[in-house]
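# coords below, sequence missing:
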């Protein structure tokens, strides 16, 4: 009989990532300052990843940036959240989605394809955030509609993508509705 490892709940994930694994979860000061100057309440980021360590890092980055975020551990939950976020104008309130590739139930490739095939969600920028960062996975993700690919555990890269998408979102909103 295997007993659950309760001590893992008390593990200092930040300390392990930083001191043992050598992963820094702090974003650069210039990116923090830039994000603080552009982040508004209407911006919302969704992240889907089954790894607790990756979720911790994503939350740490987005918290440092002061941006509203939702992090879930399964792609079907993320799709449900996205569907429920669609407003009266037919658009989702999410500016950006980060997704892992390897997840149970539904992988990130399938999630990305489903999100991008949904006309009410296809406008959302999708950044694959994966430790499987090779050219073949990047190309497959792009073929399925992913807008970007960022290797896991690269806080500054994540922050740059968030800032770029918030800036684009803000510019689009300022320009007003576009005709199809």
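The structure has been received and is ready for your questions. If you're wondering where the values come from, they're calculated on a predicted model, not measured in any experiment. Numbering: from 1, shown residues only.

# CA atoms for contacts and neighbours, from now on please.
OK.

# for the residue nearest the centre of the chain, grab phi and psi.
In the chain, the C-alpha nearest the mean C-alpha coordinate belongs to residue 98, at 2.3 Å (C-alpha atoms, centre = their mean). As for residue 98, its main-chain torsions (degrees, to the nearest 10) stand at phi -100, psi 130.

# can you pull up the bridge partners for it?
residue 47, residue 127 (DSSP bridges).

# list the buried residues for the longest helix seen in the chain?
Counting by DSSP state H, the longest helix found in the chain is helix 155-175. Across helix 155-175, burial judged by 16 or more other C-alpha atoms under 10 Å covers 155-163, 165-166, 169-170.

# quick revisit: so who does the residue nearest to the centre of the chain touch?
Applying C-alpha atoms under 8 Å, 6 or more residues apart in numbering to residue 98 gives the contacts 45, 46, 47, 48, 126, 127, 128, 129.

# what is the least confident helix or strand in this protein?
Across the helices and strands of the chain, mean confidence by mean pLDDT, DSSP states H and E is lowest for helix 13-15: a mean of 49.

# now residue 160: how far from residue 65?
For residue 160, the distance to residue 65 equals 11 Å [C-alpha to C-alpha, to the nearest Å].

# what's around residue 147, how many residues?
For residue 147, the neighbour count with other C-alpha atoms under 10 Å is 17.

# please disregard the earlier target; I meant residue 93.
Residue 93: 17 neighbours (other C-alpha under 10 Å).

# okay, it: pLDDT?
In this prediction, residue 93 carries a pLDDT score of 83.

# per-residue pLDDT, the closest residue to it other than its chain neighbours?
Sequence neighbours aside, residue 85 is the residue nearest to residue 93 in space, at 5.9 Å (criterion: C-alpha to C-alpha, 6 or more residues apart in numbering). At residue 85, the model reports a pLDDT of 92.

# check contacts around residue 85.
Counting by C-alpha under 8 Å, 6+ apart, residue 85 makes contact with 91, 92, 93, 94.

# mind listing what's buried in stretch 45-65?
Buried, per 16+ other C-alpha under 10 Å, within stretch 45-65: 45-50, 54-55, 57-62, 64-65.

# closest one of those residues to residue 81?
Using C-alpha to C-alpha, residue 46 is the member of those that lies nearest residue 81, at 8.9 Å.

# thought that closest one was touching residue 73?
No. Applying C-alpha atoms under 8 Å as the test, residue 46 and residue 73 come out as separate, 10.9 Å apart.

# strands of the chain, start to end?
Secondary structure of the chain (DSSP state E): strands at 44-48, 68-72, 96-99, 125-130, 148-151.
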